[in-house]
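In: give the three-dimensional model of this entry:
(chains A and B)
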Amino acid sequence: MAGKKEQPQDIKRREFIGSTILAAGVATVAPGVLLTVANATSEDEGANSEIRWGMLIDSNKCVDNCTACVDACERENGIDLLRRPQGQGDEMWNAQRPQWIRKVKLRDRQTGEVTNLPMMCQHCEFPPCVDVCPTGASFKRADGIVLVDRHTCIGCRYCMMACPYKARSFVHQNVEQQTIRAPRGKGCVESCNLCIHRIDSGATTTACQDACEKDGHKAILFGDLKNPESELSKALQQKSSRQVRADLELNTGVRYTSL
Amino acid sequence: MQSSTGILRAAGVIPAVVAALFSMAVHSGSAVTPGSRAAGMEACVAPTAEIRRYHMDYLKHDRIKVVRDGVRGVKYSLAECVDCHAEQDGNGGYHPVNGDGQFCNKCHEYLAVSLTCFQCHSKKPEQKRSAASLSGEKNAGQSSLFGLLMKFDEAPALSAEEMAQLHAISRED
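Out: The predicted model follows:
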């Protein structure tokens, strides 16, 4: 009898202890949570996985002998600040200097038809450079941008070997002058990062797109592949586009029309 | 019992640390390079003793946030260090912050800690200021309670025990 009477009291006591611990837990967690929410601004949010940045390049509009996109890229990302190592010949310099975007000319041997297109990192969904990187320096950000974390890059250049698009460059020489938005030093691999500093500060265009548009060609369109309302998604819906080396099933973020 | 004495001890140390930092602020000399923007400011983005001890950890923590996660508005940014601590050369430009006798180099050379940041990062402020550096100024204004003024060749005015306590407090944050 005595045992039956005691049992409900015991349960009450346990409930009380349980709820007190729970309340204490909420009280300790809540201030931290509230602080984070209160301090959040657009810059604090970081890369968003609901976005996938990509590009559509119309190779019909890409003009022969025009290097507006290449020049703009070099200015934007401080590549033009690199100086040729002493005594290096033209051939070596042109083969080894970093190049994030380059012009490619295709010629149909039978018909003689010439196609121009800019080639850069294709920002694959399944990037081979990330697969092979031994240190994890090559990675894909939440918003689909593939880039190198130079702090962990050891300069082994496996990623350069793995990339089917020859999109990556290696910095061979000491670098005297850099810009704040594009740090660069000897011994690291680098490639197009879709002007990440611009995108992170809220811009919706890349330097190459701006330059191409300024020259009146409008061959490059940058945007969000996951947003069906974006200009890029609409253009992709209307025109037939191709991925370069689609057979590798990398699902590239950069696509080409009229190719 | 143990935890309550810990709390009491910590409660005693916090005012001691604050008092020590205030006493540091009164010193006339300064580690800050004259002619840099920092010389005209009252404090760094965190108390001087904390920044001296932990700047490398803070910078490393925030660089991962920036590079990996794309979070740009971080509190500790190397670009902002350079922005504030680079000395003007009198011709409208700046001395490199890792140059002989300049802010970063002075201490790193003395302690024989190699300063590799500037193999890749810009050693001078960008001439036109970015929005990020402006928000940095705002942060500095908020913590103007503690002074930056402190003699370069002088040990921090904290005992070893107080320093250890400060470390423990900062680690908890």
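In: got a pLDDT number for B:G35?
Out: Looking at B:G35, its pLDDT reads 82.
In: that one: what's it in contact with?
Out: Contact partners of B:G35, counting by CB atoms under 8 Å, 6 or more residues apart in numbering or on different chains, are B:E87, B:Q88. The way it works is simple: take the backbone N, C-alpha and C, and place the C-beta from them, glycine included.
In: try the one 3 residues further on
Out: With contact set as CB under 8 Å, 6+ apart, B:A38 has these partners: B:V32, B:C44, B:C84, B:H85, B:F103, B:L148.
In: could I get those as a markdown table with secondary structure?
Out: Converted to a markdown table, the contacts of B:A38 look like this (DSSP: H, G, I helix; E, B strand; the rest coil):
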| residue | secondary structure |
| --- | --- |
| B:V32 | coil |
| B:C44 | coil |
| B:C84 | helix |
| B:H85 | helix |
| B:F103 | helix |
| B:L148 | coil |
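In: what subset of those is also close to chain A?
Out: Among these, not one lies near chain A by CB under 8 Å from any CB of the partner chain.
In: mind listing the helices for chain B?
Out: B:2-25, B:48-69, B:78-85, B:103-111, B:131-142, B:160-172 (DSSP state H).
In: between the ones you listed, which gets the lowest average pLDDT?
Out: Among the helices of chain B, helix B:131-142 scores lowest, at a mean of 37.
In: get me the contact residues on chain B for chain A.
Out: Selection of chain B residues close to chain A by CB under 8 Å from any CB yields B:63, B:65, B:67-73, B:79, B:82, B:119-122, B:125-126, B:130-131.
In: list only buried entries from those residues.
Out: Buried subset of the residues of chain B next to chain A (neighbour count, 16 or more other CB atoms under 10 Å in any protein chain shown): B:63, B:65, B:67-68, B:70-73, B:79, B:82, B:119-122, B:125, B:130.
In: and A:I57, that one's in a strand?
Out: Yes - counting by three-state DSSP, A:I57 is found in a strand.
In: who are the contact partners of the closest residue to it other than its chain neighbours?
Out: Nearest non-adjacent residue to A:I57, counting by CB to CB, 6 or more residues apart in numbering or on different chains: A:Y256, 5.0 Å away. The neighbours of A:Y256, taking CB under 8 Å, 6+ apart as the test, are A:L56, A:I57, A:D58, A:S59, A:L117, A:S241, A:R242, A:Q243, A:V244.
In: for A:Y256, helix, strand, or coil?
Out: strand.
In: and the gap between it and chain B?
Out: Distance, A:Y256 to chain B, using CB to the nearest CB, to the nearest Å: 27 Å.
In: who's that residue bridged to?
Out: Bridge pairing for A:Y256 (DSSP bridges) gives the partners A:I57, A:R242.
In: and A:S49, what's its pLDDT?
Out: Looking at A:S49, its pLDDT is 93.
In: that one contacts A:A142, doesn't it?
Out: Yes - using CB atoms under 8 Å, A:S49 is in contact with A:A142, at 4.2 Å.
In: tally of neighbours for residue 92?
Out: Assuming you mean chain A. Applying other CB atoms under 10 Å in any protein chain shown, we find 13 other residues in the vicinity of A:M92.
In: oops, wrong one, chain B.
Out: Using other CB under 10 Å, B:G92 is surrounded by 7 other residues.
In: ok, back up a step: mind giving me the PyMOL command for buried ones among the contacts of A:Y256?
Out: Buried residues among these (16+ other CB under 10 Å), as a PyMOL selection:
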select buried, chain A and resi 56+57+58+59+117+241+243+244
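In: just put the contacts of A:Y256 in JSON lines and tack on pLDDT.
Out: As requested, the contacts of A:Y256 are exported to JSON lines (pLDDT from 0 to 100):
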{"residue": "A:L56", "pLDDT": "97"}
{"residue": "A:I57", "pLDDT": "97"}
{"residue": "A:D58", "pLDDT": "96"}
{"residue": "A:S59", "pLDDT": "95"}
{"residue": "A:L117", "pLDDT": "95"}
{"residue": "A:S241", "pLDDT": "95"}
{"residue": "A:R242", "pLDDT": "95"}
{"residue": "A:Q243", "pLDDT": "96"}
{"residue": "A:V244", "pLDDT": "96"}
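In: SS state for A:G54?
Out: Taken by three-state DSSP, the conformation at A:G54 corresponds to strand.
In: surely it meets A:R255?
Out: Yes - using CB under 8 Å, A:G54 is in contact with A:R255, at 7.0 Å.
In: ranges for the strands of the stretch 51-200 of chain A?
Out: Listed in chain order, the strands of the stretch 51-200 of chain A (DSSP state E, counting those that start in this stretch) span A:53-58, A:101-107, A:114-120, A:138-140, A:146-148, A:169-170, A:189-190.
In: ok, and the closest non-adjacent residue to residue 123?
Out: Using chain A here. Computed as CB to CB, 6+ apart, the closest residue to A:H123 that is not its neighbour in sequence is A:G253, at 3.5 Å.
In: that was the other one, I meant chain B.
Out: The shortest distance from B:K123 to any non-neighbouring residue, by CB to CB, 6+ apart, is to B:P96 (3.7 Å).
In: the one you found contacts B:F118, doesn't it?
Out: Yes - with contacts counted by CB under 8 Å, B:P96 reaches B:F118, the gap being 7.3 Å.
In: and the residue of the stretch 151-259 of chain A nearest chain B?
Out: Closest to chain B within the stretch 151-259 of chain A is A:G185: 3.4 Å, counting by CB to the nearest CB.
In: pretty sure that residue contacts A:H172?
Out: No - A:G185 lies out of contact with A:H172 (CB under 8 Å); the separation is 11.1 Å.
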